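**Q** Compute the structure for the input listed below.
(chains A and B)
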Amino acid sequence: MNDKHPPGGPETLRSALARVSEDLHRHAPAARVPAEVLAAMAQRGRAGGAHPAMEQQAGAHLALLEQRGPAGEPMAAPEESARAAEPPRRTGWRAAWAGGALAMATTVAAVAILTLAPQDPAMAPQRAAVSTDFMPVANTERWARLMADAREQGSAWVVPAELPRDSLASMGLPYDPSRAGEPVRAELLVHTSGDVLAVRFVQP
Amino acid sequence: MMPFVPWTSPRTRIDDASLARRVAAGDRDALALAYERESGAVYRFAFALCGNASWAADATQEAFIALATRADGFDPARGALGAWLAGVARHALLAQWRTGQRHDSSDAWGDDDPGAPEAPSIDTLLVRRQETEALWAAIRSLPWAFREALVLVDLQERPYEQAAAIAGIELNTLRSRLHRARARLASLLNAATGEAA
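**A** A predicted model of the protein is given here:
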């Protein structure tokens, strides 16, 4: 705090302002960058495509997912080594995301990434250990259309994202309600149109 | 289940100029880093000025939208990135005030006329002088120009030069407004004490 105070009670005013300043520091904005800011960034962003490494990974995942098709057991990602046993979970189709907010968050994240210039590897997020396989989220018709398109154009990306924790439940995965307020980190397999093809959770 | 691994590796601190350049180039990670670094101070500045969490959040968002869309407008030679963002948030708040978008029950804006009469919340001040809420009411009853100087220097402890840059005024003007703000606030508090005795 600055030293010069009016003569009408500097200590009183100083302590009052210190109290208010301390109270002010308890206020904070949302922890994550708002979706609207990302959308604004995406609108002005370039159409340069995603990071080459991300695109290569996506191609491999697409091939595996295509072999499996829209239903059935998830297949292991090509770069993953054997993992510890996971709790049993339901697999198969999920016709839609649980909640409009979830869909909006993932779409915005996907659009933002798709329109960004390739990122500097030094600033790219370090790939964390993966906890689940990629699980398709498109319905049969949309899946067929998108897979055919992706096969033809050869373009899809792996996009890091943070999703509401209850999205675990929508995918049939174990969900701890006591952590409902915490986001869960995931990776999205995204088509060039912005449609999300599949998801896997990185840190359930 | 695999143990959790941190999402990002530790980074050395990136200077404001480099960060702004990366944001201008469309780097989402750079934008997230800028938000992580600067959003708290920007939000608290806006909140201290208007007393409304929603308005403060809107102003903060406007600041980062400006960064996302006009990062090349930031000139590191003129000051810190945080000060630039605070200045944008300030403009957003002023724009909101000028269009008359006030909350009906809020006295958040006070009176912009330095010669305006005392705030209407003196009764609250008499009863709860020593409480933080009363202090906030006194601060927010100050005219905008005085309130802003007080928030920037005394509450956020920004350097005088940075505070003047955010407010868009000369250094001497800032000092003058700060002096008058402190005197006015002390007068309010002393008046409340006198009436309570």
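
**Q** Quick check: what element follows the helix or strand of chain A with the lowest mean pLDDT along the chain?
**A** Using mean pLDDT, DSSP states H and E, the weakest-scoring helix or strand in chain A turns out to be helix A:100-114, at a mean of 43. Downstream of helix A:100-114, the next assigned helix or strand under DSSP states H and E is strand A:135-136.

**Q** which regions of chain B sit below the pLDDT cut-off?
**A** Residues of chain B meeting the criterion pLDDT under 70: B:1-12, B:99-131, B:192-197.

**Q** what helix or strand is the residue nearest to the spatial centre of it on?
**A** The centre of chain B sits closest to B:Phe45, judged by Cα atoms, centre = their mean, with a distance of 1.9 Å. In this assignment (DSSP H and E), B:Phe45 forms part of helix B:28-50.

**Q** buried stuff in that helix?
**A** Using 16 or more other Cβ atoms under 10 Å in any protein chain shown as the test for burial, helix B:28-50 gives B:28-35, B:37-50. For every residue, glycine as well, the C-beta is placed using N, CA and C.

**Q** Considering only those, which also neighbour chain A?
**A** Filtering those for proximity to chain A by Cβ under 8 Å from any Cβ of the partner chain leaves B:28-33, B:35, B:39-40, B:42-44, B:47-48.

**Q** I figured B:Arg44 hits A:Glu22, correct?
**A** No - using Cβ atoms under 8 Å, B:Arg44 makes no contact with A:Glu22, being 11.5 Å away.

**Q** which helices and strands sit right next to the longest helix along chain B?
**A** Longest helix in chain B by number of residues (criterion: DSSP state H): helix B:171-196. Judged by 3 or more Cβ pairs under 8 Å, 6 or more residues apart in numbering or on different chains; DSSP states H and E, helix B:171-196 is in contact with helix A:10-24, helix B:122-127, helix B:132-141, helix B:144-150, helix B:160-167.

**Q** in it, what's buried?
**A** By neighbour count with 16+ other Cβ under 10 Å, helix B:171-196 contains the buried residues B:174-175, B:177-178, B:180-186, B:188-189, B:191-192.

**Q** and what of stretch A:170-190?
**A** Neighbour-count burial for stretch A:170-190 [16+ other Cβ under 10 Å]: A:Ser170, A:Met171, A:Leu173, A:Tyr175, A:Pro183, A:Val184, A:Arg185, A:Ala186, A:Glu187, A:Leu188, A:Leu189, A:Val190.

**Q** for the fifth one, phi and psi?
**A** Per-residue torsions, A:Pro183: phi -70, psi 160 (degrees, to the nearest 10).

**Q** Which residue comes closest to it once chain neighbours are left out?
**A** Spatially, and ignoring its direct neighbours in sequence, A:Pro183 is nearest to A:Glu162 (4.1 Å; Cβ to Cβ, 6 or more residues apart in numbering or on different chains).

**Q** which SS state does that neighbour fall under?
**A** strand (DSSP: H, G, I helix; E, B strand; the rest coil).

**Q** Isn't it up against A:Arg32?
**A** Yes - at 6.6 Å, A:Glu162 counts as touching A:Arg32 under the criterion of Cβ under 8 Å.

**Q** which of those two has more neighbours?
**A** Counted by other Cβ atoms under 10 Å in any protein chain shown, A:Glu162 and A:Arg32 do not tie: A:Glu162 has more neighbours, with 18 against 15.

**Q** Run through chain A and note the low-pLDDT ranges.
**A** Low-confidence segments of chain A, defined by pLDDT under 70: A:1-11, A:44-130, A:138-157, A:190-195, A:203-204.

**Q** let's go with 90 and repeat that
**A** Counting by pLDDT under 90, the ranges of chain A that qualify are A:1-20, A:22-23, A:25-204.

**Q** quick revisit: please name the nearest non-neighbouring residue to the residue nearest to the centre of chain B.
**A** Counting by Cβ to Cβ, 6+ apart, B:Ala86 is the residue found nearest to B:Phe45 once chain neighbours are left out, at 5.0 Å.

**Q** Just give me the neighbour total for that neighbour.
**A** 30.

**Q** Ok, A:Arg14 next?
**A** 16.

**Q** So it versus chain B, what's the distance?
**A** Separation of A:Arg14 from chain B (Cβ to the nearest Cβ, to the nearest Å) stands at 9 Å.

**Q** Against B:Ala149, how distant is that residue?
**A** Distance of A:Arg14 to B:Ala149, given as Cβ to Cβ, to the nearest Å: 16 Å.

**Q** and if you look at B:Ile169?
**A** Relative to B:Ala149, B:Ile169 is positioned 9 Å away (Cβ to Cβ).

**Q** again with B:Leu93
**A** 15 Å.

**Q** what do you get for B:Ala80?
**A** B:Ala80 is 18 Å from B:Ala149, where distance means Cβ to Cβ.

**Q** and those two? which has more neighbours close in?
**A** A direct count of neighbours by other Cβ under 10 Å for B:Ala80 and B:Ala149 places B:Ala149 higher, at 26 against 19.

**Q** Return the residues in contact with the more buried one.
**A** The contact partners of B:Ala149, taken as Cβ atoms under 8 Å, 6 or more residues apart in numbering or on different chains, are B:Ala163, B:Ala167, B:Leu174, B:Arg177, B:Leu178, B:Ala181.
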